[in-house]
Each structure stands twice: as structure tokens, then as C-alpha cells.
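Any chance you could fold what I've pasted below:
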Amino acid sequence: MRAFVITINSNVQSRLSAERCIASGKKYGLNIETMDAITPKDDVDKLCANVGIVNTEKFGDKYSKRDNCIACFLSHYTLWKTCISLNEPVAIFEHD
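Reported below is the predicted structural model:
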């Protein structure tokens, strides 16, 4: 099984958390790879349109920032698609 930790490479805390996750995985024989997170800086509206998501109004609510929610979803979505293309189970980790 492949395993990935979603990591915001431009964020020191995210990289440090990913490194801890990778180290923990090694203790249990799991090789965890980093996957560069999608962030709001990546033009999430364009990325949504590219995958056929045209209505994004439900991503935000009074407790969440819309673009952050979309970025998180798209990061996971990317790995879900990776799982399908690999035709094997994939474990997804993230720092929060």
C-alpha cells in the first residue's frame, strides 16, 4: 500500500509535521511519501473548473474559509485519483 502525507511545502510547520508523520510511519514499516498540498494560492477556482466542479458555494460556511476548504478537498481529490490510477489502496495523512 502506498501512503502519502499532504504537506504545504512553503510552510515550515507543515514540513516539520510531515517529517514526524514519516518517522512514525517508518516505526511501523510504512513508507510515507510527501504530496505537495494545494493551497488557496494555487487558484482553486481554476483548478475546480479543470476537474468539472462549477458550483463551489457549499465549500464555505461561517466556520471555514471557502478557498481553504476547496484547497483541502482538491489535495485529497488528487490523491483519490492517484489511488484509482495505481489500482491499489492509498493511505492519506495530513498534519491537521
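
list the buried ones in the lengthiest helix in the chain?
Longest helix of the chain, by residue count under DSSP state H: helix 66-86. Across helix 66-86, burial judged by 16 or more other Cβ atoms under 10 Å covers 66-67, 69-79, 83. Where you see a C-beta, it was placed from the backbone N, CA and C, and this is true even at glycine.

same thing with stretch 51-69?
53, 56, 59, 66-67, 69.

By pLDDT, give me the weakest of these.
Least confident entry in the buried residues of stretch 51-69, by pLDDT: residue 59, with 88.

For the residue nearest the centre of the chain, which residues are in contact?
Against the mean C-alpha coordinate of the chain, by Cα atoms, centre = their mean, the closest residue is residue 75 at 3.2 Å. By Cβ atoms under 8 Å, 6 or more residues apart in numbering, residue 75 lies in contact with 6, 35, 37-38, 94.

Can you name the two of those that sit furthest apart?
Greatest spatial distance among the contacts of residue 75 (Cβ to Cβ): 38 and 94, at 11.8 Å.

what do these two both touch?
Common neighbours of residue 38 and residue 94, counting by Cβ under 8 Å, 6+ apart, are 72, 75.

can you pull the pLDDT of the residue nearest to the centre of the chain?
Here the pLDDT value assigned to residue 75 is 95.

Same question for residue 96.
Note for residue 96: predicted pLDDT of 63.

ok, how many other residues are close to residue 90?
Per other Cβ atoms under 10 Å, the neighbour tally for residue 90 reads 17.

tell me the contacts of it?
Residues near residue 90 by Cβ under 8 Å, 6+ apart: 1-4, 79-80, 82-83.

Helices of this structure, start to end?
If DSSP H is used as the criterion, the helices of the chain fall at 12-27, 44-50, 66-86.

chain center to the last one: distance?
It stands for helix 66-86. 6 Å (Cα atoms, centre = their mean, to the nearest Å).

Likewise for the shortest one?
Between the mean C-alpha location of helix 44-50 and the chain-wide mean there is a distance of 15 Å, by Cα atoms, centre = their mean.
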